[in-house]
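In: structure for this input, please:
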Amino acid sequence: MIAWISEHLDADLSVPVLARRAGMSDRNFSRVFSQQVGTTPARFVARLRLEAAKARLEQTTDKVESIASRAGFGDGEALRRHLRSEGATPRLYRARIGQSDAGTA
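Out: Numbers count the residues shown, from 1 in each chain. From the prediction side, this is the model:
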């Protein structure tokens, strides 16, 4: 399931969707997932999406909106909110490796 989630970050990865895919009830899926992975499905998905977005920010010059969409955030503002919760911005991630994101942050 974890590999599938990682490969489908832009899909609907809500608990009901994941539970159906696993053939379990929502509640049982959440319980088993949390026990096995050590965090809730929602937190796990958010972490994977943020890691994917950070990697694309560091490795590409793609616009923030495009990166956000591919990582499953829906729009650039949602990605910016997640980054701000860590005290960062898209510009900071690009600045770390010397890329410019003029007009995208």
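
In: and the most centrally placed residue in the chain, how far from W4?
Out: Taking CA atoms, centre = their mean, the centroid of the chain lies closest to R49, which sits 1.2 Å from it. Using CB to CB, to the nearest Å, we find R49 at a distance of 14 Å from W4. To be clear about C-beta, it is placed using only N, CA and C from the backbone, and glycine gets the same treatment.

In: picking that back up, distance between the helix or strand hosting the residue nearest to the centre of the chain and the chain's centre?
Out: Using DSSP states H and E, R49 sits in helix 41-59. Offset of helix 41-59 from its chain centre (CA atoms, centre = their mean, to the nearest Å): 4 Å.

In: and the next element down the chain from that helix?
Out: Taking DSSP H and E, what comes next after helix 41-59 is helix 64-71.

In: what angle do that next one and helix 41-59 make?
Out: If you take axes from the mean of the first three to the mean of the last three CA atoms, to 10 degrees, helix 64-71 sits at 140 degrees to helix 41-59.

In: packing partners of helix 64-71?
Out: The helices and strands touching helix 64-71, judged by 3 or more CB pairs under 8 Å, 6 or more residues apart in numbering; DSSP states H and E, are helix 41-59, helix 76-84.

In: avg pLDDT for the last one?
Out: For helix 76-84, the per-residue pLDDT values average out at 94.

In: next SSE downstream of it?
Out: Following helix 76-84 in sequence, per DSSP H and E, is helix 90-95.
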